[in-house]
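K.L.:
got a predicted model here, sequence first, then my questions.
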Amino acid sequence: MPNTTNKQRILQQIFNLKNRYGAGEPAGRPVLEHFVYGVLREGATREQADRAFRLLGDHFFDWNEIRVSTSREVEESLGNLPDAEHKAERLITLLQEIFETTFSFDLEPLHKKGLKQSAKQLTRFQAANDYTVAWVVQHALGGHAVPLDEPTLRVLRRLGLLENDQEDPDTLRTGLEHLIPKARSPLFSELISALADEVCWETDPNCSSCPLQSECRTGLEARRATVVTGRGSRHKPR
């Protein structure tokens, strides 16, 4: 596991990927829309989540229409979004919970509460999880939180920024939040997501094309294996 200095070096190399992947400014949305978008964004790329969010608006008149629709109808509107069936069910559950709690689809009063109280209230929704709560805190409520989905965890563990045996989301996020400035945490999330999608796949990652191969244990192992294989395939001189 890299020490703090090495972790900071790796993080700086991650931020340098902005020139490779770019990163748009976080969208300004009401709290509820950030909540919905967080459900869509987990385990998906920004492009996939943006498209799914746009399609929801194209297919349904308002949040209430989504709430009273079938999960199949919502799923069909999400396009190629990963895990669309489960996310459709979560969206309907979320909107139903919010409606039953507030008799509306307005979560803006959370701005008047402290971050801890707001986050606690968000976790009470059955459809919420650690990722979506962190997403809303980061993007809607102005707090310092790093949303961690499976692609993000995969990349960070391979880079050695997280311990492989650490599982508790609060512990994992707290460690990262000490290293990553609040103002740069949205950019960090976007860059890691892009890296996971382009090269750092769950199976057969494209390590040879990864810009962080030299910092990655998986990438270094892949490079050594390539060298050994290449040497082994050479003909011995006569």
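P.N.:
Structure received.

K.L.:
you'd agree Cys200 is up against Arg158?
P.N.:
Yes. Here Cys200 reaches Arg158: they are 6.6 Å apart, a contact under Cβ atoms under 8 Å. All C-beta atoms are positioned from the backbone trio N, CA, C, and that covers glycine.

K.L.:
just name the shakiest helix or strand of the protein by mean pLDDT.
P.N.:
helix 217-232 (a mean of 68; mean pLDDT, DSSP states H and E).

K.L.:
what residues of the helix ranked longest in the chain count as buried?
P.N.:
Looking across the chain with DSSP state H, the single longest helix is helix 84-102. Of all the residues in helix 84-102, those buried under the rule 16 or more other Cβ atoms under 10 Å are 84, 87-98.

K.L.:
what's in contact with it?
P.N.:
Helix 84-102 is contacted from outside by 32, 35-36, 39-40, 42, 52, 63-64, 66-67, 69, 71-72, 74-75, 78, 81, 104-105, 107, 125-128, using Cβ atoms under 8 Å, 6 or more residues apart in numbering.

K.L.:
what does stretch 38-54 give?
P.N.:
24, 33, 36-37, 77-84, 87, 90-91, 94, 127, 129, 131-132, 135-136, 139, 147, 149-151, 190, 193-194, 197.

K.L.:
count the neighbours of Leu122 for me.
P.N.:
22 (other Cβ atoms under 10 Å).

K.L.:
CA atoms of stretch 163-177 as CSV?
P.N.:
Output of stretch 163-177 as CSV, limited to C-alpha atoms (Å, rounded to 0.1, in the frame of the first residue of the first chain):
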residue,chain,number,x,y,z
GLU,A,163,-6.9,-1.6,0.9
ASN,A,164,-8.4,-4.7,-0.7
ASP,A,165,-9.7,-5.9,2.7
GLN,A,166,-11.5,-2.7,3.5
GLU,A,167,-15.3,-2.9,2.9
ASP,A,168,-17.0,-0.4,5.1
PRO,A,169,-18.1,2.5,2.9
ASP,A,170,-17.7,5.2,5.6
THR,A,171,-14.1,4.1,6.3
LEU,A,172,-13.2,4.0,2.6
ARG,A,173,-14.7,7.4,1.9
THR,A,174,-13.2,9.1,5.0
GLY,A,175,-9.8,8.0,4.0
LEU,A,176,-10.2,9.4,0.5
GLU,A,177,-11.8,12.6,1.7
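
K.L.:
gap between that stretch and the chain center?
P.N.:
Its chain's C-alpha centre and that of stretch 163-177 lie 15 Å apart, by Cα atoms, centre = their mean, to the nearest Å.

K.L.:
also stretch 193-201?
P.N.:
Distance of stretch 193-201 from the chain centroid (Cα atoms, centre = their mean) equals 11 Å.
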